[in-house]
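# Provide a 3D model corresponding to the input given below.
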Amino acid sequence: MDLPWCRSGALLLGLALLSGCTEDPCVSPERPEAERGERVWTQAFTAGSSDYGRSIAVERCGGQVIVAATFGSGDAWLGGMTSLGEPRWDRRVQALYEGRGAVVIDDGEGGWIVAGQRGVGTENDGPVDAGWLLRVESDGTEVWRAHMLEDAEERASFAFESVAQGDDGVILVAGHTRIAYQRTPLAAAYTAGGELLWAHVREPADGLGSLRAALPLPDSSDTLFVGSLERDEGRGLFLLRLSAEGEVLSERHRPDTQIGSARAVLMPEGESVLIAASGRILEIDLDGEVLQELALEEAEQPFALALDGSEGIYVAGRLKIEEWVYQPWILRLTRDFAREWQTTEPREGELSGVTVGPRGDAFVVGYVEAPPTGEMLDVGNADVWIARFAR
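Numbering: from 1, shown residues only. Model (predicted):
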């Protein structure tokens, strides 16, 4: 088993846990007392060169944390740890994920669901990808894989950018399909066993864009998909509501609202959506009307969001220090968008994922700049970076 954990001296403390763990994974040990916004622990490792943390999730009982990352080789890496940052297991999944894919969620049954994309070739002057789903047990053992391959005639490719799970166990994915360099929104649903139920693929004539979040609506079998769409009137926020059978119930396009590459999350009441737009944090209702917004500083660039129940909001991304120089950045807001605290990591890098764990603490993942490897083609190097911040 490949063990990138042990390649960083900072991670040796928990190495013994990799050989087996006997304690109940649903028991979340107390952490040391920490001030609000204080870094509780950090971990960093490399598997070679240019390794990037993509997504992070915490078991619903709070006992285990899982990270999804991509290596410079294009392979995916999954790692499990305790909420105190002690490594438990890790798995390398070869030639499965590439690009900014690799998002992970807790499946509610002691396992994890991972989504992403894999390059499978080149056609029509553009790359061809396959969307992938992977389900693993709590120790990283693979249960099944599912994928959406390129279309044999049109040479379309598919990329999964977000994954969610409905109350009935159905797995929902949001992303895009592409022919050459034209992207169109894609939504799909799979059974808990990985079988495709339906796929909603839009035609280029209906607008180009991508879906970045699948949000199952409470007290309903419907799903709200959030992304961006470009039409003649401009490019902006796109809301698509689909039934449990994949039928279009409603859609809304707001060319005046740019959301960039950030994710969206459903507010606890299920009546509004939180979005990190370009330069703003927005709360919108299910029809796209803005309820409140916060203008960010010019240097603040958000890439991920998480809710601390009904208490607060975490925003993670990067802070621009100077031209082409960025630092990992996390901001905590109240529900009414008042700033509570923010902090950065001194090393260059950015955060791609954030989630909330025990005691309302924020768990983040991304990358930090690392020393060059000395390889001939090495133009930059990055280590996966994971941290926990006190609420």
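# Point out where the stretch 151-300 of the chain drops to low pLDDT.
151-156, 261 (pLDDT under 70).
# Strands along that one, start to end?
Listed in chain order, the strands of the stretch 151-300 of the chain (DSSP state E, counting those that start in this stretch) span 157-165, 171-179, 182-190, 196-201, 208-216, 223-231, 234-242, 248-254, 264-266, 272-277, 280-285, 290-295, 300-308.
# The ones you listed into CSV, with extra columns for mean neighbour count?
In this view, the C-beta of every residue, glycine as well, is placed from N, C-alpha and C. Formatted as CSV, the entries for these read as follows, by neighbours: other CB atoms under 10 Å:
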stretch, mean neighbour count
strand 157-165, 25
strand 171-179, 25
strand 182-190, 22
strand 196-201, 15
strand 208-216, 23
strand 223-231, 22
strand 234-242, 21
strand 248-254, 16
strand 264-266, 21
strand 272-277, 23
strand 280-285, 19
strand 290-295, 14
strand 300-308, 22
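# I'd like to know which of those strands lies nearest to M81.
Each of the strands of the stretch 151-300 of the chain has some distance to M81 by CB to CB; the shortest is strand 300-308, at 17.7 Å.
# So in that sheet, which strands flank the closest one, and in what orientation?
Partner strands for strand 300-308, per DSSP bridges, with pairing direction: strand 312-322 (antiparallel).
# And the strand it pairs with, how far out from the chain middle?
15 Å (CA atoms, centre = their mean, to the nearest Å).
# could the strands of the stretch 151-300 of the chain be laid out in JSON lines, adding distance to E323?
As requested, the strands of the stretch 151-300 of the chain are exported to JSON lines (distance: least, CB to CB, whole Å):
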{"stretch": "strand 157-165", "distance to E323": "28"}
{"stretch": "strand 171-179", "distance to E323": "30"}
{"stretch": "strand 182-190", "distance to E323": "28"}
{"stretch": "strand 196-201", "distance to E323": "39"}
{"stretch": "strand 208-216", "distance to E323": "27"}
{"stretch": "strand 223-231", "distance to E323": "26"}
{"stretch": "strand 234-242", "distance to E323": "25"}
{"stretch": "strand 248-254", "distance to E323": "31"}
{"stretch": "strand 264-266", "distance to E323": "29"}
{"stretch": "strand 272-277", "distance to E323": "22"}
{"stretch": "strand 280-285", "distance to E323": "23"}
{"stretch": "strand 290-295", "distance to E323": "22"}
{"stretch": "strand 300-308", "distance to E323": "13"}
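# how about those, which one is nearest E345?
With respect to E345, and counting by CB to CB, the nearest of those is strand 300-308 at 14.2 Å.
# Give me the angle between that closest one and strand 272-277.
An angle of 160 degrees separates the directions of strand 300-308 and strand 272-277 when computed by axes from the mean of the first three to the mean of the last three CA atoms, to 10 degrees.
# about what we covered before: T42: which of the strands of the stretch 151-300 of the chain is closest?
The stretch from the strands of the stretch 151-300 of the chain with the least distance to T42 (CB to CB) is strand 300-308; that distance is 17.3 Å.
# So if we follow the domain assignment, how does the protein break up?
Domain assignment of the chain by automatic domain parsing yields the ranges 1-73+261-391, 101-257.
# between those, which gets nearest to R92?
Shortest distance between R92 and the domains of the chain, using CB to CB, is found for domain 1-73+261-391: 4.4 Å.
# in its sheet, what does the helix or strand encompassing Q342 sit against?
Secondary-structure element containing Q342, defined by DSSP states H and E: strand 339-344. Paired with strand 339-344 in the same sheet, following DSSP bridges, are strand 325-334 (antiparallel).
# contacts for the partner strand?
Among residues not part of strand 325-334, those counted as contacts by CB atoms under 8 Å, 6 or more residues apart in numbering are 36-37, 281, 294, 300-302, 311-321, 339-351, 354, 362, 364, 366, 368, 385, 389, 391.
# Please list only the buried members of those.
Listed as buried from the contacts of strand 325-334 are 37, 281, 294, 300-302, 312-319, 343-345, 348-351, 354, 362, 364, 366, 368, 385, 389, 391; burial here means 16 or more other CB atoms under 10 Å.
# Hmm, R235 and H253 touching each other?
No: using CB atoms under 8 Å, H253 and R235 do not qualify as a contacting pair, with a distance of 9.3 Å.
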